[in-house]
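> Need coordinates for the following:
(chains A and B)
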2 protein chains.
Amino acid sequence: MTGLFEKHRNLLADAVKAIEERGFWSAFSEVPRSYGETLPAEGKAAFEALIEKPFALDQEADDGRVGGEVSPFGRALGITYPRTGIDRLIARASASAADWARASVEVRCGVALEIITRLNKVSFLMAHAVEQTTGQAFAMAFQAGGPHAQDRALEAVAYAYREMTSIPQGDVAWDKPAGRNVIRLTKEFHIVPRGVGLVIACATFPTWNSYPALFADVVTGNPVIVKPHPAVILPLAITVKIAREVLMEAGFDADVVQLAVDMPEAPVAPTLAVHPAVALVDFTGSSEFGGWLREHVRGKPVFTEETGINTIVIDSADDFAAMCQNIAFSLSLYSGQMCTTPQDIFVPQGGIETNDGHKSFDEVAAGIAAAVDGLLADPQRAAAVCGAIQNPATLDRVGKATGLGRVVRASAPVGGLENGRTATPLILAVEASEAAYLKEQFGPISFVVSCEDATDAIDRATHAARAKGGITAALYSRDADLIDKAVGLYAQAGVPLSVNLTGGIYVNQSAAFSDFHVTGANPAGNACLTDTAYVAQRFRVVCVRRPAAA
Amino acid sequence: MTGLFEKHRNLLADAVKAIEERGFWSAFSEVPRSYGETLPAEGKAAFEALIEKPFALDQEADDGRVGGEVSPFGRALGITYPRTGIDRLIARASASAADWARASVEVRCGVALEIITRLNKVSFLMAHAVEQTTGQAFAMAFQAGGPHAQDRALEAVAYAYREMTSIPQGDVAWDKPAGRNVIRLTKEFHIVPRGVGLVIACATFPTWNSYPALFADVVTGNPVIVKPHPAVILPLAITVKIAREVLMEAGFDADVVQLAVDMPEAPVAPTLAVHPAVALVDFTGSSEFGGWLREHVRGKPVFTEETGINTIVIDSADDFAAMCQNIAFSLSLYSGQMCTTPQDIFVPQGGIETNDGHKSFDEVAAGIAAAVDGLLADPQRAAAVCGAIQNPATLDRVGKATGLGRVVRASAPVGGLENGRTATPLILAVEASEAAYLKEQFGPISFVVSCEDATDAIDRATHAARAKGGITAALYSRDADLIDKAVGLYAQAGVPLSVNLTGGIYVNQSAAFSDFHVTGANPAGNACLTDTAYVAQRFRVVCVRRPAAA
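Numbering: from 1, shown residues only, chains lettered A, B, ... in the order given. All right, here's what the predicted structure looks like:
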């Protein structure tokens, strides 16, 4: 029964070491060519074989089949999925719970690690599935949908494993001196799961954002119901299918992991979230539904990653061109649809000092805009950076946003993707006194905001994080004292800070095993991927004590 | 600045080792005579010096002085305390926060450990304060109010210290291979407190139940407002006074720890709990107010220890007399006013097998009643075991409960305490079909419940824990298979189980560093003293990353 644990023991040990050190570490290569020559074609073929067919998921479908995914690149996928009604989902999850709870920590972790490594083997299939549902360009869909998501899954398993094994396993002797005698008890500490976990995934990073919760729930002994966004089902259907296969092979009820598909007009997440049998709720998505969950779901942990306003403050620059290029890439990547994409760029009204001399406010804004133009000049590269727009509402928002400020750079379709729903970054210049930039404008919309000076800029950036939430923040400055002071202010605002990034590392990137994603310390979310608080609430410990055998 | 940490380094290291092993360990002796010959008299004198005087607490009192404590043993204490209004409490806590947040983990832990060890030095003063407010007998007031509470405080510090120091301190190198290059970042991980902590204490164990929250909040960097029960202020006033003295000596704002006294007719806890500046709420007390807090306090962690129905199941007994004596002590200790006191004793209607032959249902009930009579026959011992009744409503409840079943043992005043509000255990026999025993009857009220058989008894006991909450459960059986099966059922019900306790260890005792008090897995509370989940939510981590210096 612990064969899978033995098989993956070293991987887990390395992961536990990585979360303790939090330097660079990755279990799964992000470089497609390191996967050999045959996997890319096999992945593509496996994806094409799914198109226009019922998805083969061995799960009771008492409510027919549904599915209406249309690729943001233009193609209707025509895949249908078995729909299981809420009562059956709960009944089946509950029925699977006792055996899974009884399995040892090692057995549960072994199963989880086997699922994760099998997911790694289908990373190319997953890349196509993520690309054709989220609109991510293929390179990002491969990395973020595959190895990076698998790393985040492994990270959650490592945290949960470390936490559960910090509870003594086996008998503990409790020998209390009492005068000339000793009172001797034997104690056992039972790790007890909470109940059914509900994982509500988002439409942009369906695997990366849901795997930590899915795997944290599973290894702590809780059956999981995975509720994908109705527009982005396939990546999680593949995930659930593999999870169920591994569970069955290991002798468990496959219903420890179930898929809950729904349609936009009949959402199941609210009903599931408040169901008494559901003991844990994880959600990634809009603050609107996040707020609903935080308001209505009582008496059980609710973990959210919601949205906010990410900021950049530019005080001065050591390498103006490299800074503009770095920011341009951050704004363009996946057309600004990352929860980590900067929205507001605060620049002193009097301009900034740089290696290239003084730059006025307008020159800074124009420099960023020109860098975006340069980055996206080649249509193929533009397509590979921007991808497509997942949600039609995002494209509408870009159109409407044009009036929210002075257009520094107009949005346009991505040249290389004629059939797709696309938009390059819209960049607007505004005064600090205007209000539009203080509202989240999800998508390729950003504001260059004119501030009094760097202090005012930092003040506005940290205030935005405190008031509206923030998942990332960036600062460019040559002033070591100002940076030092800023570090404390951003920490107080609960938002991670990236300072003077140039070259091949971007503020929107969050690395498993090193970066804590979302701090939980501002309104952008109440949970963090992944820290101890994220896993420790998913199980409880019950002690049994009895007189020690004489 | 880290002098206090150095002073207490070994103590903390021992405590961290203890939470990892969870065998017997205690930092502070529970044996009064081990404290030397002078401390008892000094403690008594220190207590008497407080009577009928304004309590000298150096805290802004913008709302006059209040206080109306009357000892359950009869004496009005006549002590008044400075009352600080809600706005000032919040303003002062907030003003103290930044410096305290900036202090290192070691500095904060050093201050906390100094407070705890100074509390240990006033354990006799504390014993009198706890005795004369809660009604506990002196021996219990000394142990539970002093060293046991200090152990629980230290335990929380150890958990928080371990958790905070599991985050890398200092610079972490993140070197990511990127083709032939390496991307090099330097990362720092900042531990960021959540905000102001509110600790709402109870009237029966004011220190034991509040210290874990108080010290967990403090060491994780959160200023704390301590809200004692209006009938039991003194133990926490002494605690807060010592905390403030240590904070000031260490160069911090004393308002990191404040006392919030109120009057029953003008409670401040609800207003404080929902105040936006309050980020953490801890509560020990009734399920009624616990439920209010869980319902109304949003967007911040709420940790509760509420109430429930504790049970004993008797299947059979190896030593009938010893079992009855053990149960008798558990029912009598502090007149059943412990959150761990058993209420329902489930016995098969056909009786049980024992070392002393078959005992009918009535014989079991009579055996327990007789053991209580025996234990309390000597008035001095009765006083030392039962103490007094903290709340007049509890005494009323005992009077009204007489009609809830067939009286097996009537309650009576405690002979040795003529001036006090006292009551010995009321024991009632009921059928399983009756309803009264399924409602919490706080105080010296218990039911011997006639069940079909042991399986039915365990089923009813675990169901009570799941439905109404349970903090303790006990089982007596000679059947190893039945015990094994029961262990799994009680674990599923989230209630700790004590099996076959006889001699000097009782189901109502919960030992720091070993027993997890309240599992958080049933309605008796959502938090546990102390596990990782209890501390890990009290701070957040914010990462700052920048290019590594070349």
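
> in the stretch 251-400 of chain A, which spans are strands?
Along the stretch 251-400 of chain A, the segments classed as strands by DSSP state E, counting those that start in this stretch run A:257-259, A:278-284, A:302-305, A:311-314, A:316-317, A:344-348, A:352-354, A:357-359.

> partners of the shortest one in the sheet?
Looking back up the chat, that one is strand A:316-317. Take DSSP bridges as the rule and strand A:316-317 pairs in its sheet with strand A:352-354 (parallel).

> Can you report the mean pLDDT over the residues of the strand it pairs with?
Strand A:352-354 shows a mean pLDDT of 98.

> Identify the residues contacting it?
A:Ile314, A:Asp315, A:Ser316, A:Ala317, A:Asp318, A:Asp319, A:Phe320, A:Met323, A:His358, A:Lys359, A:Val364, A:Arg478 (C-beta atoms under 8 Å, 6 or more residues apart in numbering or on different chains). (Each C-beta comes from the backbone N, C-alpha and C, glycine too.)

> Columns pLDDT and neighbour count on top of those, output as JSON lines?
Converted to JSON lines, the contacts of strand A:352-354 look like this (pLDDT from 0 to 100; neighbours: other C-beta atoms under 10 Å in any protein chain shown):
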{"residue": "A:Ile314", "pLDDT": "98", "neighbour count": "29"}
{"residue": "A:Asp315", "pLDDT": "98", "neighbour count": "22"}
{"residue": "A:Ser316", "pLDDT": "98", "neighbour count": "21"}
{"residue": "A:Ala317", "pLDDT": "98", "neighbour count": "23"}
{"residue": "A:Asp318", "pLDDT": "96", "neighbour count": "14"}
{"residue": "A:Asp319", "pLDDT": "98", "neighbour count": "16"}
{"residue": "A:Phe320", "pLDDT": "98", "neighbour count": "22"}
{"residue": "A:Met323", "pLDDT": "98", "neighbour count": "26"}
{"residue": "A:His358", "pLDDT": "98", "neighbour count": "11"}
{"residue": "A:Lys359", "pLDDT": "98", "neighbour count": "21"}
{"residue": "A:Val364", "pLDDT": "98", "neighbour count": "27"}
{"residue": "A:Arg478", "pLDDT": "97", "neighbour count": "15"}
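
> List the contacts of the residue nearest the centre of chain A.
Geometric centre of chain A, nearest residue: A:Asn209, 2.6 Å, by C-alpha atoms, centre = their mean. Each residue near A:Asn209 by C-beta under 8 Å, 6+ apart is listed here: A:Ala201, A:Cys202, A:Thr284, A:Glu305, A:Leu529.

> before we move on, what about A:Ile191?
By C-beta under 8 Å, 6+ apart, the contact list for A:Ile191 reads A:Val105, A:Met164, A:Ile167, A:Thr220, A:Gly221, A:Phe539, A:Arg540, A:Val541.

> host element of it?
strand A:181-193 (DSSP states H and E).

> Sheet partners, orientation included, of that strand?
In the sheet, strand A:181-193 lines up with strand A:172-178 (antiparallel), strand A:539-547 (antiparallel) (DSSP bridges).

> which parts of the stretch 251-400 of chain A sit against chain B?
A:Arg294, A:Glu295, A:Arg298, A:Gly299 (C-beta under 8 Å from any C-beta of the partner chain).

> Show the buried residues in those residues.
If you count burial by 16 or more other C-beta atoms under 10 Å in any protein chain shown, the buried members of those come out as A:Arg294.

> out of the residues of the stretch 251-400 of chain A next to chain B, who's nearest B:Arg180?
A:Arg294 (47.2 Å; C-beta to C-beta).

> so what's the closest one up against?
A:Val302, A:Thr304, A:Asn526, B:Arg298, B:Gly299.

> can you confirm A:Gly443 is in a helix?
No: counting by DSSP: H, G, I helix; E, B strand; the rest coil, A:Gly443 is not part of a helix but coil.

> follow-up on the earlier one: next one: the strand holding A:Ile191 to chain centre, how far?
Strand A:181-193 sits 39 Å away from the centroid of its parent chain (C-alpha atoms, centre = their mean, to the nearest Å).

> Okay, now the sheet partners of the next helix or strand after it, with direction.
As assigned by DSSP H and E, the chain's next helix or strand after strand A:181-193 is strand A:196-200. Strand pairing for strand A:196-200, determined by DSSP bridges: strand A:224-227 (parallel), strand A:278-284 (parallel).

> Can you tell me the SS state at A:Glu418?
With three-state DSSP as the criterion, A:Glu418 reads coil.

> While we're on it, how confident is the model there?
pLDDT at A:Glu418 comes out at 88.

> now swap in A:Gly299 and tell me
At A:Gly299, the pLDDT recorded in the model is 89.

> list the contacts for A:Gly170?
Residues near A:Gly170 by C-beta under 8 Å, 6+ apart: A:Glu188.

> how far away is A:Asp62 from A:Pro223?
According to C-beta to C-beta, to the nearest Å, A:Asp62 stands 18 Å off from A:Pro223.

> Could you report the neighbour count for A:Gly357?
For A:Gly357, the count of nearby residues is 8 (other C-beta atoms under 10 Å in any protein chain shown).

> out of the contacts of A:Ile191, which one sits closest to chain B?
Closest approach between the contacts of A:Ile191 and chain B, by C-beta to the nearest C-beta: A:Arg540, at 3.8 Å.

> Return the set of residues that bridge with the closest one.
According to DSSP bridges, beta-bridge pairing links A:Arg540 with A:Val192.

> if we can go back for a sec, quick one: which of the contacts of A:Ile191 is nearest to B:Gly110?
A:Ile167 (27.9 Å).

> Can you tell me the closest non-neighbouring residue to the closest one?
Among residues not flanking A:Ile167 along the chain, A:Phe189 sits closest, at 5.0 Å (C-beta to C-beta, 6 or more residues apart in numbering or on different chains).

> can you check A:Glu52 too?
Spatially, and ignoring its direct neighbours in sequence, A:Glu52 is nearest to A:Gly78 (3.8 Å; C-beta to C-beta, 6+ apart).

> OK, contacts around the one you found?
Contacts of A:Gly78 by C-beta under 8 Å, 6+ apart are A:Ile51, A:Glu52, A:Lys53.
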